[in-house]
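Asks: Build me a structure from this.
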Amino acid sequence: MHWADALKEVTRIESGGAAGEVSGVEYDSRRVRAGAAFVAMRGGTTDGNCYIDAAIAQGAAVIVTDSQEAYAKLRTEHPSIAAVRVAHGRRALAELSAAVMGHPERQLKISAVTGTNGKTTTAYLLEQMLRSVGRKCVLIGTIETRIGDEVRVSPHTTPESSDIYKIFADGVQAGATEAVMEMSSHALEQERVWGIPVDVAIFTNLTQDHLDYHGTMEKYLAAKMRMFEGMGAAPPRVAVLNADDPAFELISHGAGRSQRMSYSVDGCGDFRAEQVQMHARGTQFLFVTDAGSIEIQSTLTGRINVSNLLAASCAALARGLSLDEIAAAARGLKQVPGRFQAVSSGDTGITVVVDYAHTDDALRNLIVLARELVGERGGRVITLFGCGGDRDRTKRPKMGRAAAEGSDLVVLTSDNPRSEEPMAIIEEALVGVRETATECIVEPDRAAAIAIAIRAARAGDIVLLAGKGHEKVQVLGDRTVPFDDVTVAEKILKEMQ
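Replies: From the prediction side, this is the model:
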């Protein structure tokens, strides 16, 4: 795209210099190639303006900056390079990326999911439903990115806008007409999703998380609500909202310009799950809508998954699927990796489950589901968990209490301690555990802790390995080492046979 045309779509304060064709848009100077535009923006931990010279050395033809000082220096020291000063670096990154990529977002119907828990599962379920009727989809989420049948690694739940638009462009080229994506509170607050026209917006729930970043629950909620207000684009056409969640009324009010579809397991929504039956092999319920009712059967189980199924089903309705198509899709839905993922246990009689639960609310939901399953055979629930380092410390005792209240045995260990001392994290979580009478074993080495939890189980018990889910690494200080709960558990179970 010619720079003169791209420049028309960037909200700028001032600009100077000229350039020809722009070959791409980058925010990381290491990825800049000849003819690219480099967007230098200030972030939470680094300032992209420090890397302008590096981008120029890599061949950048255009520099977009949110710094008046950097812009003045550019005009003086590099007058031949096109330079633009903007008020909002991330907005400019999105505007420029969309323009240079040919606005792929306009060729996709985009469904977006936000909430504390259930984002990944709901996004996966909806994408599978859309694919079941022959629609080609893009999926952007915590675990992976899918472009049709191609799978890519997802470094973040919601990437930077230039990466999103590149994924959209690849999807359009592959024939995709739909996109489903998770929108994290960080991405909404930082405007990484600026300019993305959301057609169907889904809210799953709001519980305490990420207060290390947002500071208060009010600010955390405000970040979530931005998706329903429209981020540099019109508000969503449809808002799918969890009527069972305490934040429902606030979210509903904020989504006032959208058509609202409220869903509920407790019976207070317009779209409801009634006659719910849950067992170890799956779930079935009557999906009640204003257009009729239909039985939904799925191999997913637990109340939280009934809620996730409702959210995905409502969004599928909003995207034009019929009730019959939704019911047919539900029967073939696959479990999301790291979300209540059962580990093969051979003939031990022990059920070992890996799950991403890393908040007190998610732990409670997980343990309730486990309790329902062992209730059929009188087994115990053994819960292993840890708390992430350099994250919200106030939720640690709450997670400890949540784990202990529903479990017969708790094994407290490390998650990703990052720069913190593992035992210091564990001591803060122990405060909540000690508010109960539940037995607790402390072992900071996660592999050793998993062995303790599984070897403490007997036939009929369920062992929950919570916190890391799909993750394949552990962050220890300045090291990132390979680590997979599933692989560790499989090894221990094999040794026990």
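Asks: Report the secondary structure state of Val200.
Replies: Under DSSP: H, G, I helix; E, B strand; the rest coil, the three-state class of Val200 is strand.
Asks: Just read off the phi/psi values of Asp415.
Replies: Backbone torsions for Asp415, taken as degrees, to the nearest 10, come to phi -110, psi -100.
Asks: Could you find the closest non-adjacent residue to it?
Replies: Closest residue to Asp415 in three dimensions, ignoring its sequence neighbours and counting by CB to CB, 6 or more residues apart in numbering: Gly386, at 3.6 Å. Where C-beta positions appear, they are placed from N, C-alpha and C, glycine not excepted.
Asks: For that neighbour, what are phi and psi?
Replies: The phi/psi pair for Gly386 (degrees, to the nearest 10) is phi -150, psi 170.
Asks: burial measure for it, as a count.
Replies: Taking other CB atoms under 10 Å as the criterion, the count of residues near Gly386 is 27.
Asks: which residues sit in contact with Glu191?
Replies: 88, 90-91, 94, 161, 231-232 (CB atoms under 8 Å, 6 or more residues apart in numbering).
Asks: actually Gly254, not the one I wrote
Replies: When the contact criterion is CB under 8 Å, 6+ apart, the partners of Gly254 are 225, 228-229.
Asks: Check Leu93 too.
Replies: Neighbour list for Leu93: 25, 27, 39, 41, 64, 160-162, 194 [criterion: CB under 8 Å, 6+ apart].
Asks: okay, it: pLDDT?
Replies: pLDDT for Leu93: 97.
Asks: Show me how the protein divides into domains.
Replies: Per the record, the chain has its domains at 3-98, 104-331, 341-496, by automatic domain parsing.
Asks: Tell me the most packed of the contacts of Gly254, by neighbour count.
Replies: With neighbours defined as other CB under 10 Å, the most crowded of the contacts of Gly254 is Phe228; it has 25 neighbours.
Asks: Next one: that one from Pro246, what distance?
Replies: In this view, Phe228 and Pro246 are 17 Å apart by CB to CB, to the nearest Å.
Asks: for Gly375, same thing?
Replies: Using CB to CB, which is the criterion applied here, Gly375 is 27 Å from Pro246.
Asks: all helices for the stretch 101-250 of the chain, in order.
Replies: Ranges of helices within the stretch 101-250 of the chain are 119-132, 161-173, 185-190, 211-214, 217-229, 248-254, based on DSSP state H, counting those that start in this stretch.
Asks: Oh, that last question was meant for the stretch 301-450 of the chain, not what I typed.
Replies: Taking DSSP H, counting those that start in this stretch as the criterion, the stretch 301-450 of the chain carries its helices at 303-318, 323-331, 360-374, 396-406, 422-433, 446-455.
Asks: any idea which of these scores lowest on pLDDT?
Replies: When the helices of the stretch 301-450 of the chain are compared by mean pLDDT, helix 360-374 comes last with a mean of 89.
Asks: name the helices or strands packed onto it?
Replies: Helix 360-374 is packed against helix 303-318, strand 351-355, strand 381-385, helix 396-406, strand 462-466, with contacts defined by 3 or more CB pairs under 8 Å, 6 or more residues apart in numbering; DSSP states H and E.
Asks: Run the chain-centre distance for the longest one.
Replies: This means helix 303-318. Computed by CA atoms, centre = their mean, to the nearest Å, the separation of helix 303-318 from the middle of its chain amounts to 16 Å.
Asks: Just the CA trace of it, in PDB.
Replies: Provided in PDB are the C-alpha atoms of helix 303-318 (Å, rounded to 0.1, in the frame of the first residue of the first chain):
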ATOM      1  CA  ARG A 303     -22.300 -26.600  35.700                       C
ATOM      2  CA  ILE A 304     -19.600 -24.200  34.400                       C
ATOM      3  CA  ASN A 305     -19.700 -26.100  31.000                       C
ATOM      4  CA  VAL A 306     -23.500 -25.800  30.900                       C
ATOM      5  CA  SER A 307     -23.000 -22.100  31.200                       C
ATOM      6  CA  ASN A 308     -20.300 -22.100  28.500                       C
ATOM      7  CA  LEU A 309     -22.500 -24.200  26.200                       C
ATOM      8  CA  LEU A 310     -25.300 -21.700  26.700                       C
ATOM      9  CA  ALA A 311     -23.000 -18.800  25.800                       C
ATOM     10  CA  ALA A 312     -21.700 -20.500  22.700                       C
ATOM     11  CA  SER A 313     -25.200 -21.600  21.700                       C
ATOM     12  CA  CYS A 314     -26.600 -18.100  22.000                       C
ATOM     13  CA  ALA A 315     -23.800 -16.700  20.000                       C
ATOM     14  CA  ALA A 316     -24.300 -19.300  17.300                       C
ATOM     15  CA  LEU A 317     -28.000 -18.400  17.200                       C
ATOM     16  CA  ALA A 318     -26.900 -14.800  16.700                       C
END
